[in-house]
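[1] what shape does this take:
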Amino acid sequence: MSENSAGAIYLAAATDPEGNAITFSIAGGPDVSRFNITTAGQLSFKTPPNYELPDDADKDNVYRVTLAASDGRASSVLDLAVTVTNDPEGVFVRRIATGFADPVDVSIVNASTLLVAERDGNVFAFDVPSGRKTLLIRIPDSLGSLELHAIAASKTYANDGSFYLLYSNPLTRIEKYARNSSGATALASFNPVLTVGEAFSSYRAERGWLHVADDGDLFAAMGDGRSLTMESEAQSGRLPFGKLFRLRLKPDPYAGAAVGPFYLSTQLAKGLLSPQGGALLADGRVLLTDRGNVWAEVNLVDPRQPPANLGWPYKDGSLLLKPSPPANLVDPILAYEANGDLSPDGQIVGGAVSAGPIISLRDRFLFADQRGAIFALPLAAIKLGQTLGLAAAERRTADFAPDQGVINGPRALKADANGIIYILDFDGDIFRVDAR
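    Numbers count the residues shown, from 1 in each chain. Here you go, the predicted model:
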């Protein structure tokens, strides 16, 4: 039977040699608590089953129950197995682009235009209707150490072609680019947005995330900066590594005796290792994914509260790594062990909050793992101070099988202004999640 089915799913039948009336009941089975039966033999689920969140005893979407038929003097039993199958629930995944080389991030300008960053420094504008990609800029790699981490289009991209880049070369920095008077993409005014000084050029960020809010503020999460000595900077106050910031252009960027910094920077959190993506909720809070050495996390940060300490390098998920951690560590709202031979799931990627036309995805935080599994965590399940396991999220992988290609190594999972989901895969494909 298909998931989400309500009403009778099976009609039991029996005969009595004497012609006595027969009544039916549930006699047992590992999933006895999931079923109802009428005396006439109509079997139904108490709650329609969800393929993505199986509730049977062994979590394999096969529900086992034992039925009994009785004439009041004698009885017989039947062991029944009910297999629940998947329903895509309105999801249709369409490949809309292919051919990018080692892409690391995508930013959705609108339904027609995407920005794609490749690891080695290329930034493309991709026109969805025509399938044409245009090279906007190539960041020069003079020392052989260039690595792009994240990209985010500004709210004025349609007018001035502006966007933000987070990269290391070898200095880690955030810069803004825009069209110049000749129509070419170049560094914009008031740069850099955020940078690490020359004295720390041996430090490199472990990935990162950029997001431009509706008011134009830039949210930037920078991975921990590890030097040759492998010392963590996620708890230090001297460098931006391992921290989440909100950045805003100063009302008067040239005010003061010295030129720069041009952006007002507010630290929202510290204690990150390798942020992989995030989303702004309607109430202003931030959901942020982070890869640990072993654990994968989804963290909740409230910009209206004092800066949160998310734990790294004292904690990795629920695992304590160092003695005497600070007293104010904030545990993730979801964590699972993601590395090692015993783990069925890879490290975390994404995510985004869906608010589009697909009802089964609404009010859910979507994220992926690096092996291609897709998960949807109901926002109603999120509670600060409570760490959920991966079982709390719906596994939607089967629903996300695309019309062409395969999602087998997601690099980014983003939502546009209308809540439509896009997935960037390591092999150069981009997928859009449409309504079926």
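[2] please parse this protein into its domains.
    With domains defined by automatic domain parsing, the chain comprises 8-83, 91-435.
[3] looking at those domains, which is closest to Met1?
    domain 8-83 (5.4 Å; C-beta to C-beta). Where you see a C-beta, it was placed from the backbone N, CA and C, and this is true even at glycine.
[4] determine how far the last residue of stretch 163-176 lies from the first.
    In terms of C-alpha to C-alpha, to the nearest Å, the two terminal residues of stretch 163-176 are separated by 6 Å.
[5] same question for it, mean pLDDT?
    Here the mean pLDDT over stretch 163-176 is 92, rounded to a whole number.
[6] what about that stretch, distance to the chain center?
    Counting by C-alpha atoms, centre = their mean, to the nearest Å, stretch 163-176 is centred 23 Å from the centre of its parent chain.
[7] and the domains of the chain, which one's lowest on average pLDDT?
    Mean pLDDT is lowest for domain 91-435 among those, at a mean of 90.
[8] for it, the distance to its chain's centre please.
    Distance of domain 91-435 from the chain centroid (C-alpha atoms, centre = their mean) equals 10 Å.
[9] circling back to that earlier point, which of the domains of the chain is buried the deepest?
    Taking mean count of other C-beta atoms under 10 Å as the contact definition, the stretch among the domains of the chain with the greatest mean neighbour count is domain 91-435, which reaches a mean of 18.
[10] now do the end-to-end distance for that one.
    Taking C-alpha to C-alpha, domain 91-435 runs 5 Å from one end to the other.
[11] OK, contacts around the residue lying closest to Glu206 once chain neighbours are set aside?
    With C-beta to C-beta, 6 or more residues apart in numbering as the criterion, Glu206 has its nearest non-adjacent residue at 3.1 Å, and that residue is Gly223. Under the criterion of C-beta atoms under 8 Å, 6 or more residues apart in numbering, the contact partners of Gly223 comprise 149, 205-208, 241-242, 272-275.
[12] want to try JSON lines for the domains of the chain, with distance to Met1 as columns?
    Formatted as JSON lines, the entries for the domains of the chain read as follows, by distance: least, C-beta to C-beta, whole Å:
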{"stretch": "domain 8-83", "distance to Met1": "5"}
{"stretch": "domain 91-435", "distance to Met1": "16"}
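[13] among those domains, which is nearest Ser2?
    Judged by C-beta to C-beta, the one of these that comes nearest to Ser2 is domain 8-83, at 8.3 Å.
[14] gap between the residue nearest to Glu206 and Leu239?
    With the distance defined as C-beta to C-beta, to the nearest Å, Gly223 ends up 12 Å from Leu239.
[15] so what's Ser112 up against?
    Here Ser112 is in contact with 127-129 (criterion: C-beta under 8 Å, 6+ apart).
[16] can you check Asp369 too?
    By C-beta under 8 Å, 6+ apart, the residues touching Asp369 are 296, 338, 345-349, 375, 410.
[17] endpoints of stretch 99-113, how far apart?
    The first and last residues of stretch 99-113 sit 16 Å apart, counting by C-alpha to C-alpha.
[18] spatially nearest residue to Pro170 (excluding sequence neighbours)?
    Ser145 (4.5 Å).
[19] what does Ala101 give?
    Leaving aside its chain neighbours, Ala101 sits nearest to Glu118 (5.6 Å; criterion: C-beta to C-beta, 6+ apart).
[20] bridged to the one you found, which residues?
    Beta-bridge pairing of Glu118, defined through DSSP bridges, involves Pro103.
[21] got the residue ranges for the helices in the protein?
    157-160 (DSSP state H).
[22] one step back: isn't the residue nearest to Pro170 right next to Tyr167, touching?
    No - with contact defined as C-beta atoms under 8 Å, Ser145 does not count as touching Tyr167 (10.3 Å).
[23] backbone dihedrals for the residue nearest to Pro170, both of them.
    Listed backbone geometry of Ser145 is phi -130, psi 10, with angles given as degrees, to the nearest 10.
[24] and the gap between it and Ala234?
    With C-beta to C-beta as the criterion, Ser145 and Ala234 are 21 Å apart.
[25] all strands for the stretch 151-300 of the chain, in order.
    Under the criterion DSSP state E, counting those that start in this stretch, the stretch 151-300 of the chain carries strands at the ranges 163-168, 172-179, 185-187, 194-195, 204-205, 208-212, 218-222, 225-226, 243-249, 263-270, 275-280, 286-291, 295-301.
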